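Colleague: Give me coordinates for this.
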Amino acid sequence: MSNTTFLEPGAEELGTQFIENGYVILPAQDVDALARIRELVVGGATSALGQDLPKDHGDYLNNFHKHVSIENLNNVRLKVIEELNSQDWTRPAYFNLARQAIYDIVGNELAMQRRLNLSIQLPDDTSSLLPVHADVWSGDSPYEIVVWVPLVDCYDTKSMYLMPPDKDRPLQARMGEVFKNASAQELFQHIEHHVQWMNVPFGHVLVFSQTLMHGNQPNLVPETRWSMNCRFKSLFSPYADKRLGEFFEPITARAATQMALDYDLPGGFGDV
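Modeller: Sure thing, here's the model as predicted:
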């Protein structure tokens, strides 16, 4: 039988899974890059707290609530984020965690968010909640995907939840009618029995569509959640409020595109 698809081997299957579920969970493509990123995060956290580097990075991160107060948590988080984004290798390394999956789902001419994000959620902490939302509601393009990377095993309420497409789309279509004056918590209570909690072990990546409703709830697991996230989109797909050059920058423009962008049509052509 002849091959009738233009997609690379595996891309069609992964794309179908992404469309049906709204996400894929895959092993990190570059485990060395992941280890290096986690080491940098641990170094930034211990530096912010004036501590020595621990021998076991995973144990330190999982038990971070024993080292920091809720009042000081955001200060530490911001210092670690600054450390992450001050290094010229971290964004390429982050991209390499899911390079092939991004190519298969989005395309190979890409724009990437200019800054990496980091979330830390202590057990029973209500100050680090992300209410139910879809990023497109607040200025993101529907063409963006999120690459979400746990630095510890994330599961149950130590993770994030996602609304499945078959439940999400009909509800969003009626959002203005049914939930016009509802709070985010009232909306979550309505969808709670439909959402899927993402089970993403350390060493894996979650790629999901931010057009779907998602968020988190108080972490009832007696361990601290550490996760990173960054958005990617096709370079020439439509942008919303977060624009190229401000929020995004090109990372994999191909040679033909670069030549085309540098080309100026000679005068006289097309003149009437």
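Colleague: Look up how far residue 196 lies from residue 42.
Modeller: Residue 42 sits 30 Å away from residue 196, taking C-beta to C-beta, to the nearest Å as the criterion. Backbone N, C-alpha and C define where each C-beta goes, glycine included.
Colleague: so how far is the lowest-mean-pLDDT helix or strand in the chain from its chain's centroid?
Modeller: Least confident helix or strand of the chain, by mean pLDDT, DSSP states H and E, is helix 175-178 with a mean of 80. The chain centroid and the centroid of helix 175-178 are separated by 27 Å, computed with C-alpha atoms, centre = their mean, to the nearest Å.
Colleague: got it, and stretch 9-27?
Modeller: Using C-alpha atoms, centre = their mean, the offset of stretch 9-27 from its chain centre is 16 Å.
Colleague: quick one, strands of the chain?
Modeller: 23-27, 110-113, 117-121, 145-150, 161-162, 196-197, 204-209, 214-215, 225-234, 248-250 (DSSP state E).
Colleague: want to throw those strands into TSV with mean neighbour count?
Modeller: TSV is the format used below for the strands of the chain (neighbours: other C-beta atoms under 10 Å):
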stretch	mean neighbour count
strand 23-27	17
strand 110-113	23
strand 117-121	21
strand 145-150	24
strand 161-162	22
strand 196-197	16
strand 204-209	22
strand 214-215	22
strand 225-234	22
strand 248-250	17
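Colleague: Any stretches of the stretch 151-272 of the chain with poor pLDDT?
Modeller: The stretch 151-272 of the chain contains residues with pLDDT under 70 at 270-272.
Colleague: Sketch out the helices for it, chain order is fine.
Modeller: For the stretch 151-272 of the chain, the helices defined by DSSP state H, counting those that start in this stretch occupy 165-173, 175-178, 184-191, 255-261.
Colleague: Dump those into JSON lines; add mean neighbour count and distance to residue 75 as well.
Modeller: Formatted as JSON lines, these follow (neighbours: other C-beta atoms under 10 Å; distance: least, C-beta to C-beta, whole Å):
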{"stretch": "helix 165-173", "mean neighbour count": "15", "distance to residue 75": "35"}
{"stretch": "helix 175-178", "mean neighbour count": "10", "distance to residue 75": "36"}
{"stretch": "helix 184-191", "mean neighbour count": "15", "distance to residue 75": "26"}
{"stretch": "helix 255-261", "mean neighbour count": "10", "distance to residue 75": "42"}
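Colleague: Among these, which comes closest to residue 102?
Modeller: helix 255-261 (17.2 Å; C-beta to C-beta).
Colleague: before we move on, back to that, select, out of the strands of the chain, the one closest to residue 169.
Modeller: Using C-beta to C-beta, the nearest of the strands of the chain to residue 169 is strand 204-209, at 11.1 Å.
Colleague: Report all helices and strands that the closest one contacts.
Modeller: Packing partners of strand 204-209 (3 or more C-beta pairs under 8 Å, 6 or more residues apart in numbering; DSSP states H and E): strand 23-27, helix 99-105, strand 145-150.
Colleague: can you give me the angle the last one makes with strand 204-209?
Modeller: Between strand 145-150 and strand 204-209, the angle formed by their directions is 150 degrees, by axes from the mean of the first three to the mean of the last three C-alpha atoms, to 10 degrees.
Colleague: Off-centre distance for strand 145-150?
Modeller: Chain-centre distance of strand 145-150: 3 Å, with C-alpha atoms, centre = their mean.
Colleague: Could you list the paired strands of it along with their orientation?
Modeller: Here strand 145-150 has these sheet partners by DSSP bridges: strand 204-209 (antiparallel), strand 225-234 (antiparallel).
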